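In: sequence? don't have it. structure:
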């Protein structure tokens, strides 16, 4: 059934959300404008058929869209359906987020076209028709580029705004955002689309053996002004260039913003990769311990996996180790004995070596005194008769010795009694006493009756 | 001049195998300077001598301090406690990655890992095996409480049943990242 296209487009606009999903599929899976038949049928069944207007089902059916050129082809073998580029552009125009982002290749093609056209202008005769055609071609090209850049910038701004919202959620600890995916998304958007656009309009960009977009156009402007004296035409080109270059600042801001996100995310990403690798290494270190035996199945601190973690080295409860030694119970356990042996081993044996002194003759003062008294008594001539030997010796020695005491008398008496015959001595029963003022001695007097030499 | 009351408390902390962090959390969960750390830094020579004379080493790092025995070989400094701490901290780090959180989940008072989240982690097969192989018999939550919170590698946010890394805990992850950067640099890989 042939239909006017405005009727179909009106229905497409009414169901643009479904067709936008076709566009998303195209953007996600490549540059050819194709999508699976099943995807369209699913959207048709779940969305389009629910329309209250019964005609909608017929107008937007697969056969109707194919018949009226909205869908260009339907490959039964691959199940893929291709869509008219004008419809795609219309959808992109409706939703700037889905605007086609220009890649580095797209911008390079634009630059080459501008460079070629500018060269053609400079090479053509100013009064020739070709010159005018090339000049018009440049104008037309600059108008196209202006539109493309504007649309591209709007699309990129929308994309960056979407990433900004995601980044904000990430900063606010949203659980649904993976730092690795977000980082890749930021880097891809920046490097594939934003940076090429920025470089395309960069006024100081240098290209080897060629000219940048801005340089090409500026040269033509100067050529038109200086060489051709076409001031009005030169100004027209200059206005176009200014209009295009006005987006440079916007794109530069996007580049800066994405760089900030990337820097922040790169730090987190590196941290996460480090922790992930450390954790995986820890899990790997468990593998040799899964042997099912009863020994050596646990992790130990001296394993290589813990070698590089040094900041907590030596952390231990030191008090417990000492209290175990000090708080022994009274029971006799082998632990105490072992500790005793350890203590003995640790203790340096200290031998107290007292210096030996050579044995010296120690002269006894008493002995010397007794010896001198004995010698004195032997040299002394005793009388033939002594009535009281005790009294006699006492008086004799007390007169002879300065520091006399009663003990000296006993020594003297012992010498006399050893020297004289016992039969010549008589003991009297009547006791007597002698004293030296400090000690006293009670004795039974002994008399001697013969004069002899001792 | 050192503070006699603080020095006794510091001794108890260090000898019980706890670290002393530069910062602690006040009653409102905000970070503030820990007076123990300030006392150590202001009388560093005295405190170093105190532990030197007891055959120990007072280790002062920029953001935390601990006491350890003096050993000739670095391998002899590896203790059961340091091993268990490393295992538990890595489990928490992996939780942050898998949950698509930022590290601020573990470092900022606005974040914090909750007791409920620890309870969920307890059912993870890898976590169960790591605890078993690390000779930790209790469930993860009690091991975290006893080993990490007890030794001040994690700080409990008052009244919130949530934990965040202390200065020493952060130093551990800094070391993990530095090891990774060093290994990547030596292998010539660009991050």
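Out: Happy to help now that I have it. It should be emphasised that the depicted structure is a prediction, and the values quoted were computed from it without experimental measurement. Numbering: from 1, shown residues only, chains lettered A, B, ... in the order given.

In: can you give me the strands for the chain?
Out: As the question left the chain open, I've gone with chain A. Ranges of strands in chain A, per DSSP state E, are A:34-36, A:71-75, A:80-83, A:425-427, A:432-435, A:440-443, A:446-448.

In: can you look at chain B instead?
Out: Under the criterion DSSP E, chain B contains strands at B:20-21, B:23-25, B:31-33, B:56-60, B:64-69, B:113-114, B:154-157, B:162-165.

In: and these: which comes nearest residue A:165?
Out: With CB to CB, the closest approach to residue A:165 among those belongs to strand B:113-114: 26.2 Å. All C-beta spots, glycine's among them, are computed from the backbone N, C-alpha and C.

In: right, so of the strands of chain B, which gets closest to chain A?
Out: Of all the strands of chain B, the one in closest proximity to chain A, counting by CB to the nearest CB, is strand B:64-69 (2.4 Å).

In: paired strands for that closest one, with orientation please.
Out: Sheet pairing of strand B:64-69 (DSSP bridges) gives strand B:20-21 (antiparallel), strand B:56-60 (antiparallel).

In: list the buried ones in the last one?
Out: What that stands for is strand B:56-60. Within strand B:56-60, the residues scored as buried using 16 or more other CB atoms under 10 Å in any protein chain shown are B:56, B:57, B:58, B:59, B:60.

In: among the residues you listed, which pair sits farthest apart?
Out: Spatial extent of these (CB to CB) is set by the pair B:56 and B:60 at 13.0 Å.

In: which parts of stretch B:21-35 are buried?
Out: Buried residues in stretch B:21-35 (16+ other CB under 10 Å): B:21, B:22, B:23, B:24, B:25, B:29, B:31, B:34.

In: what does stretch A:59-79 give?
Out: A:59, A:60, A:64, A:65, A:68, A:70, A:71, A:74.

In: how far away is the residue nearest to residue A:218 when sequence neighbours are not counted from residue B:151?
Out: The shortest distance from residue A:218 to any residue other than its chain neighbours is 7.3 Å, reached at residue A:241 (CB to CB, 6 or more residues apart in numbering or on different chains). Spatial separation of residue A:241 from residue B:151 under the definition CB to CB, to the nearest Å is 67 Å.

In: of these two, who's got more company?
Out: The residue with the greater number of neighbours, taking residue A:241 and residue B:151 and applying other CB atoms under 10 Å in any protein chain shown, is residue B:151; the counts read 25 against 22.

In: for the more buried one, give me its contacts.
Out: Each residue near residue B:151 by CB atoms under 8 Å, 6 or more residues apart in numbering or on different chains is listed here: A:315, B:17, B:18, B:19, B:81, B:85.

In: do that again at 7 Å, thanks
Out: A:315, B:17, B:18, B:19, B:85 (CB atoms under 7 Å, 6 or more residues apart in numbering or on different chains).

In: can these go into JSON lines with extra columns for neighbour count?
Out: Supplementary listing: the contacts of residue B:151 in JSON lines, determined by neighbours: other CB atoms under 10 Å in any protein chain shown:
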{"residue": "A:315", "neighbour count": "26"}
{"residue": "B:17", "neighbour count": "23"}
{"residue": "B:18", "neighbour count": "20"}
{"residue": "B:19", "neighbour count": "26"}
{"residue": "B:85", "neighbour count": "24"}
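
In: grab the nearest non-local neighbour of residue A:40.
Out: The shortest distance from residue A:40 to any residue that is not its chain neighbour, by CB to CB, 6+ apart, is 6.2 Å, and that residue is residue A:81.

In: my read: that neighbour touches residue A:70, true?
Out: No. Counting by CB atoms under 7 Å, residue A:81 stays clear of residue A:70, with 10.1 Å between them.

In: need the strands of chain B in TSV with mean pLDDT and distance to residue A:425, can you?
Out: As requested, the strands of chain B are exported to TSV (pLDDT from 0 to 100; distance: least, CB to CB, whole Å):
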stretch	mean pLDDT	distance to residue A:425
strand B:20-21	97	101
strand B:23-25	95	108
strand B:31-33	94	109
strand B:56-60	93	89
strand B:64-69	94	91
strand B:113-114	94	119
strand B:154-157	94	111
strand B:162-165	95	114
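
In: export those to JSON lines and tack on distance to residue A:433?
Out: Formatted as JSON lines, the entries for those read as follows, by distance: least, CB to CB, whole Å:
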{"stretch": "strand B:20-21", "distance to residue A:433": "91"}
{"stretch": "strand B:23-25", "distance to residue A:433": "97"}
{"stretch": "strand B:31-33", "distance to residue A:433": "97"}
{"stretch": "strand B:56-60", "distance to residue A:433": "81"}
{"stretch": "strand B:64-69", "distance to residue A:433": "83"}
{"stretch": "strand B:113-114", "distance to residue A:433": "109"}
{"stretch": "strand B:154-157", "distance to residue A:433": "100"}
{"stretch": "strand B:162-165", "distance to residue A:433": "104"}
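
In: nearest to residue B:1, of those?
Out: If you check each of the strands of chain B against residue B:1 by CB to CB, strand B:56-60 wins as the nearest, at 17.9 Å.

In: check the offset of the closest one from the chain's centre.
Out: Between the centre of strand B:56-60 and the centre of its chain there are 16 Å (CA atoms, centre = their mean, to the nearest Å).

In: nice, that's everything, thank you.
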